[in-house]
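Peer 1: Structure, please.
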Amino acid sequence: MPRLDSSALDLATFRKQARADLLAALDGLPSPLPAPRPPRGGAASTGGHALVLDPTLSGPLGLVAEVKEFKEHGIEKIYHLMPEPLNTDCTSVVYFIRPELRLAMQVATQIQAHERARAGRGEPGRAYALFFVPRRSMLCEKLLEDEGVYGLLRVRECALPVFVLEDDVLSLEQPKSCFRDLFLEGDRTVLHTCATALARLQAIFGRIPLVRGKGECAGVVIKLMQQMLSALDEDDAAFAGATGAARAARAGAPLPSQSAIAELLLLDRDVDLVTPLCTELTYEGLLHQLFQIKHGFIDVEPEVLGLEKGSDGPGGARVKRELNNNDRLYSTIRNLNFGELGPLLNQLARSVSSGYEERHQAQTVSQIRDYMKKLSRLQQEHKSLATHVALAERIQRVTREAAFHKRLECEQEALSSGACSAEAEALLEDLVGHHMPLTSVLRLLCLLSVVSNGLKPKTLSALQAEITHEYGFGPLALTWAALTKLGLLKKHEGTPPWTKLKRSLRLVVDDVPEHALGDEPADMAYVYAGYAPLSVRLLHSMLSINPAVEESIRLLPGPFQYVVQKPRVTVDRASADLKSSATAAVADGETAGGAGSAGAPQLPSPAPPAASAAAAPAERLTESGERRPPVTLVCFVGGCTYSEIAALRWLGRNATPRRDYIVLTTHMLNGDALIESLIATCENGLERLD
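Peer 2: Model (predicted):
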């Protein structure tokens, strides 16, 4: 788990409370049934709890509690939920799953299989418990009832809506299909989870005074969050979601009346589809592109790290490496443009080497003692350096290819001109001819379509026909419709809004000034080698609305929300005061049904002085008494990229006035993952006919 001692918020307390809720849920389980007497010569049953996890929850729960803590709270064995029957000798089975029908059906199938086997052997029954994370689902419970297993289950929910990835990054850790579910299928379940996470944060850190949101889903989240905060005003302890010991531990702690967070900015992913479609160039972004960072870890082949097969895992299994701020070197290099990484690693290698050479100068006992103190740190730095050198070498194999540079040039030309050039069309045809991955081809095609406001009908038809012929009808029959519905692919519709956005928000920086190794870049555009992420420029502009920003916001899809929240009223006031503490909306779109971009809504001016003063955040001071920058919480609804986080970190260090940014996202994504979630294979049923 990442260190949180340098976080702008007390996320260590937030994670501690999440851990208390999780372990309290386990402590609330009934004692396991006595283990049956084994047959002569057979192995004895353990009689403990078997924990069966939805595979997509295994990593997130590892960000809350360690395996040893599960063991200390009665868990004997841990399994992943699979379609096949569960083979365990534990007398109690505890399931933790997301509220999905597919997973509920797997639970029902496993219980049915065990009950049939138990009845045939005349064994005593098992105890079953099921926790939905983060909340219960009536549809799933109805399915369990229809399958005849609901009566055998103790059904609860474990309210863990958000997980701490880094000292400045929180994530709902939703599956990769989140973008598709939200914007294509219209499944808004995740919006409730997002609102719950924001309300939880405010329950701990105080009511956020100013809330701004762009996008339809952002409006829904704001409305749900307001409803939850109203409920929190009425019953703080009930909303906190704690159970058992965790509830008792919180009962005497009053929730803050002032906020540690100054502003909340929400942004729908479909407001900016350009940024995720671009090729990421930061070290962390390229690591995610090649190795898929999951919950702060990557799984790589041993050969990538220079290890022999089986040297760091059973039977040549993939090696897991942690990627977070526990590794000080990674914290230093993660946000760098990959072009700067090689010289910096070379400089660090020389530094480590010179550190080892100091041993020859240690002559006296005190000098040897001082060197031995440094040795442990040097060895740790050496190990970390070796890992990142190996990973960088693998990335470099890709970035050195001519095809990679051609693609970058094509993307940068499209971003600069706002048009699809003949060279871009030729590159697409070349990618298709070499049968490059379909996600990569579609990502470039969609980027060209979005920035140029659609492709010429003749060009679009020809490219679609060529791609379908090369990759087959199956994976593209439904995918073309999905891309069209989301506006990622369409016929040309006149002057692209991108041209005005590029100018008003200064999205393309043609000449990024060079800087010395280790110094700060002059502009956040370094993350994409000349393109400043539209999402981050927009978020920064939303902090201070002006006529130019108003025009930019209107050009983008979805309504704009501006809400001023009054300070939380403590529970000892009159009930009339409790009701009056409901948040005040200062926009033409107080709820999710606010005006959209088509209606050219009048954007609100900044909060009036009286409202701002009433909702002033708590002053933050360092240990030395210096005033710390205000905290801005940025919520991406539908996912964000590592390069956007790198740009926000740059903004926090360099913008005036300074701010500390904390990111909350539904999940981490990149362009290939976004496109992959939209590819739906259409099976040819005729092939099964004789």
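Peer 1: Check the spacing between the closest residue in space to A262 that isn't next to it in sequence and R537 real quick.
Peer 2: In space, A262 comes closest to P630 once its chain neighbours are excluded; the distance is 3.6 Å by CB to CB, 6 or more residues apart in numbering. Heads up, the C-betas are built off the backbone N, CA and C, glycines and all. Per CB to CB, to the nearest Å, P630 is found 20 Å from R537.
Peer 1: Neighbours of I222, how many?
Peer 2: By other CB atoms under 10 Å, 29 other residues sit near I222.
Peer 1: next one: S354
Peer 2: 10.
Peer 1: for P513, same thing?
Peer 2: Look at P513: counted by other CB under 10 Å, it has 9 neighbours.
Peer 1: now do F14
Peer 2: 20.
Peer 1: Let's verify the residue nearest to it when sequence neighbours are not counted: helix, strand, or coil?
Peer 2: With CB to CB, 6+ apart as the criterion, F14 has its nearest non-adjacent residue at 5.8 Å, and that residue is I204. Secondary structure state of I204, per DSSP: H, G, I helix; E, B strand; the rest coil, is helix.
Peer 1: One more: A50?
Peer 2: Following three-state DSSP, A50 is assigned to strand.
Peer 1: From C178, how far off is the nearest residue to it once chain neighbours are set aside?
Peer 2: Nearest in space to A50, with sequence neighbours left out and distances taken as CB to CB, 6+ apart, is C90 at 3.7 Å. C90 is 33 Å from C178, where distance means CB to CB.
Peer 1: do the same with F404
Peer 2: Counting by CB to CB, the separation of F404 from C178 is 28 Å.
Peer 1: Looking at these two, which has the bigger crowd around it?
Peer 2: C178 (23 against 13).
Peer 1: any low-confidence regions in the stretch 501-650 of the chain?
Peer 2: For the stretch 501-650 of the chain, the stretches with pLDDT under 70 are 568-625.
Peer 1: again but with the chain, I slipped
Peer 2: Along the chain, segments meeting pLDDT under 70 span 32-47, 122, 235-257, 309-316, 358-360, 363, 367, 371, 568-625, 684-690.
Peer 1: Show me the domain layout of it.
Peer 2: Domain ranges of the chain: 11-160, 166-241+260-276+531-675, 306-400, 403-504, per automatic domain parsing.
Peer 1: Could you tell me the end-to-end distance of the second one?
Peer 2: Read it as domain 166-241+260-276+531-675. Start-to-end span of domain 166-241+260-276+531-675 (CA to CA, to the nearest Å) is 26 Å.
Peer 1: Flag every buried residue along the top helix by length along the chain.
Peer 2: Using DSSP state H, we find that the single longest helix of the chain is helix 365-399. Judged by neighbour count using 16 or more other CB atoms under 10 Å, the buried positions of helix 365-399 are 371, 378, 381-382, 384-385, 387-392, 394-395.
Peer 1: Ok, stretch 11-29 next?
Peer 2: Of all the residues in stretch 11-29, those buried under the rule 16+ other CB under 10 Å are 11, 14-15, 17-26, 29.
Peer 1: Go through those and say which is closest to D660.
Peer 2: For these, the residue nearest D660 by CB to CB is L11; the value is 12.0 Å.
Peer 1: what's the closest residue to that closest one other than its chain neighbours sitting at in phi/psi?
Peer 2: Excluding its sequence neighbours, the residue lying closest to L11 (CB to CB, 6+ apart) is L4, at 4.7 Å. When quoted as degrees, to the nearest 10, the phi and psi of L4 stand at phi -130, psi 20.
Peer 1: go on, the one 4 residues further on?
Peer 2: With angles defined as degrees, to the nearest 10, A8 sits at phi -70, psi -20.
Peer 1: if I pick the residue lying closest to it once chain neighbours are set aside, what's in contact with it?
Peer 2: Excluding its sequence neighbours, the residue lying closest to A8 (CB to CB, 6+ apart) is D660, at 3.7 Å. Residues near D660 by CB atoms under 8 Å, 6 or more residues apart in numbering: A8, D168, R628, P629, P630, V631, T632, G652.
Peer 1: what's the closest of the residues you listed to C140?
Peer 2: D168 (34.2 Å).
Peer 1: and the closest one, how many neighbours does it have?
Peer 2: D168: 24 surrounding residues under other CB under 10 Å.
Peer 1: List the buried residues for stretch 323-334?
Peer 2: In terms of neighbour count (16+ other CB under 10 Å), stretch 323-334 has its buried residues at L323, N324, N325, D327, L329, Y330, S331, I333, R334.
Peer 1: Just the closest of these to I261, please.
Peer 2: N325 (20.7 Å).
Peer 1: Now for that closest one: which residues touch it?
Peer 2: Contacts of N325 (CB under 8 Å, 6+ apart): P2, R3, S6, E166, D167, S331.
Peer 1: now, which of the residues you listed sits nearest T656?
Peer 2: S6 (22.0 Å).
Peer 1: pretty sure that closest one is touching D167, no?
Peer 2: Yes. S6 lies in contact with D167 (CB atoms under 8 Å); the separation is 5.5 Å.
Peer 1: who has more neighbours, those two?
Peer 2: Using other CB under 10 Å as the criterion, S6 and D167 rank with D167 on top: 19 against 9.
Peer 1: about what we covered before: pick out the most distant pair among the buried residues of stretch 11-29.
Peer 2: Farthest pair in these (CB to CB) is L11 and L29. Separation: 28.2 Å.
Peer 1: what ranges do the helices span in the stretch 401-550 of the chain?
Peer 2: Under the criterion DSSP state H, counting those that start in this stretch, the stretch 401-550 of the chain carries helices at the ranges 402-417, 422-433, 438-451, 457-471, 477-485, 497-504, 534-542, 547-555.
Peer 1: ok, back up a step: name the SS class of the residue nearest to A50, please.
Peer 2: coil.
Peer 1: So that it lines up with my notes, have the first residue be 52 from now on.
Peer 2: In the new count, where the first residue is 52, that last one comes out as C141.
Peer 1: Many thanks, have a good one.
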